[in-house]
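Novice: Any chance you can model this:
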Amino acid sequence: MKNHSEVLQELKIELIQSLEYLEYSFKKIHDKKIPIHSKNPEDLETYEALVSRFSRVTDIFISKYLRTVALNDDPAYSGALKDWVNYAEKKGVISSASTWMQIRELRNKIAHEYATRDLAQIFTQVIEHTPFVLDLKRHIS
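Specialist: The predicted structure follows:
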């Protein structure tokens, strides 16, 4: 069985790769200047890739990585997701627990309401938060 330190290293590799895919989608939208309200299927596909990659990165980071950070420091640590996020802020792993909780709420909105919500609103929120998420590359490398 792997120890928490080994799992943390594997998660770093997974996160870095996922961040590179997210960055690719983010740059593609900006480079092509794809409008948020576009109904073009190719444009929608590009935005949907961004949203999917954003969700994946944030899920790996919050649900897996931050939990493993806490368990690596204290194998008996237990708590809810919000506790892991607060612990990570306290340890200096993240700069803002409240921002990461907002990102988590957005990820949950995407997962549960994506088909019924205004897509432009979701795309806008993802674009606003993506630079903050991409900044993880500097902190976990």
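Novice: can you list contacts of the helix or strand harbouring residue 106?
Specialist: For residue 106, the host element (DSSP states H and E) is helix 97-113. The contact list for helix 97-113 (Cβ atoms under 8 Å, 6 or more residues apart in numbering) reads 51, 54-55, 58-59, 62, 81-82, 85-86, 88-89, 94, 117, 122, 125-126, 129, 132-133. Heads up, the C-betas are built off the backbone N, CA and C, glycines and all.
Novice: and those residues, which are buried?
Specialist: 51, 54-55, 58-59, 62, 85-86, 88-89, 94, 122, 125-126, 129, 133 (16 or more other Cβ atoms under 10 Å).
Novice: out of these, who's nearest residue 37?
Specialist: residue 122 (12.2 Å; Cβ to Cβ).
Novice: what about that closest one, distance to residue 92?
Specialist: Using Cβ to Cβ, to the nearest Å, residue 122 is found at 31 Å from residue 92.
Novice: Let me see the mean pLDDT of the helix or strand following the helix holding residue 106.
Specialist: Going down the chain from helix 97-113, the next helix or strand is helix 119-134, by DSSP H and E. For helix 119-134, the mean per-residue pLDDT is 94.
Novice: ok now helix 119-134, how far from the chain's centre?
Specialist: Chain-centre distance of helix 119-134: 10 Å, with Cα atoms, centre = their mean, to the nearest Å.
Novice: what helices or strands is the helix or strand following that helix leaning on?
Specialist: Sequence order places helix 136-140 as the next helix or strand after helix 119-134, per DSSP H and E. Where contact means 3 or more Cβ pairs under 8 Å, 6 or more residues apart in numbering; DSSP states H and E, helix 136-140 is packed against helix 4-32.
Novice: Can you list the buried residues in the helix it packs on?
Specialist: 4, 7-8, 11, 14-15, 18-19, 22-23, 25-26, 29.
Novice: could you dump those to a markdown table with distance to residue 106?
Specialist: Converted to a markdown table, the buried residues of helix 4-32 look like this (distance: Cβ to Cβ, whole Å):
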| residue | distance to residue 106 |
| --- | --- |
| 4 | 28 |
| 7 | 26 |
| 8 | 25 |
| 11 | 21 |
| 14 | 21 |
| 15 | 18 |
| 18 | 16 |
| 19 | 17 |
| 22 | 14 |
| 23 | 18 |
| 25 | 16 |
| 26 | 15 |
| 29 | 17 |
